[in-house]
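S.K.: I'd like to go over a predicted model; first the sequence, then the structure.
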Amino acid sequence: MKTIAVYPGSFDPVTYGHLDIIRRGLQIFDEVVVAVARNSQKNSLFSIDERVGLIREVLKNDPRVTVDTFTGLLIEYVASQNAHVIIRGLRAISDFEYEFQIAQMNSTIGHNIETMFMMTSVQYGYLSSSIVREVCSLGGNIDSFVPPEVKAAMRMKYSRS
């Protein structure tokens, strides 16, 4: 039986930190579904289709990764994918407090779905999509934060501003 995990997030943009969690998740699970959240409340740099496209482009050589979108309850989406695990990356204690509450809520809702927390690799402990967006918007070098495809897309977005 193949094991499937879902790694949800906004991925606006996908960073090397996200990719690290995905690759490490693939060392544990047969397949990882990268689930891009549709959240109309967020003011995103990239549209949902652009985010999905960038993630697919960056991970195109790994058939064990599926990129999808979801709305509504994550726990319902995970169950619909025949997955039993949600992967969440943690950078700091502040991340844990929030993620722990969400994991407990999901556990209460049910479906026998577990949340697995993965500590961010040391070199990505400070990295977040919002920091990358800010650095890029100010003309800073983002080479060590995002893949070249993402950097090019970000530069195009900010050159239009």
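M.R.: Noted; the coordinates are in hand.

S.K.: list the buried ones in the worst-scoring helix or strand of the chain on mean pLDDT?
M.R.: Taking mean pLDDT, DSSP states H and E as the measure, helix 93-109 is the helix or strand of the chain with the lowest mean score, a mean of 87. Residues of helix 93-109 classed as buried under the neighbour-count rule (16 or more other CB atoms under 10 Å) are D95, E99, A103, N106. Yep, even glycine has a C-beta here, placed from its N, CA and C like the rest.

S.K.: do stretch 49-61 as well
M.R.: R51, V52, L54, I55, V58, L59.

S.K.: what's the average pLDDT for it?
M.R.: Averaging pLDDT along stretch 49-61 yields 96.

S.K.: from the chain's centre, how far out does it sit?
M.R.: How far stretch 49-61 lies from its chain's middle: 12 Å, per CA atoms, centre = their mean, to the nearest Å.

S.K.: For that stretch, give me every contacting residue.
M.R.: 10-14, 19, 22, 34, 36, 44, 46, 65, 67-69, 147, 149-150, 153 (CB atoms under 8 Å, 6 or more residues apart in numbering).

S.K.: Mark which of these are buried, thanks.
M.R.: Using 16+ other CB under 10 Å, the buried ones in the contacts of stretch 49-61 are 10-14, 19, 22, 34, 36, 44, 46, 65, 67, 147, 149-150, 153.

S.K.: thinking again about what came up before, need the buried residues of helix 93-109 in CSV (columns: distance to D143).
M.R.: CSV is the format used below for the buried residues of helix 93-109 (distance: CB to CB, whole Å):
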residue, distance to D143
D95, 25
E99, 29
A103, 34
N106, 36
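
S.K.: tell me which of those residues is nearest to G125?
M.R.: D95 (10.3 Å; CB to CB).

S.K.: need the contact list for I102.
M.R.: Contacts of I102 (CB under 8 Å, 6+ apart): T115.

S.K.: just A103 next, same as before
M.R.: I86, R88, T115, F117.

S.K.: ok, now how distant is it from E97?
M.R.: According to CB to CB, to the nearest Å, A103 stands 11 Å off from E97.

S.K.: E149 should be in a strand, yeah?
M.R.: No - judged by DSSP: H, G, I helix; E, B strand; the rest coil, E149 forms no part of a strand; its state is helix.

S.K.: Apart from its chain neighbours, what residue comes closest to it?
M.R.: E57 (5.1 Å; CB to CB, 6 or more residues apart in numbering).
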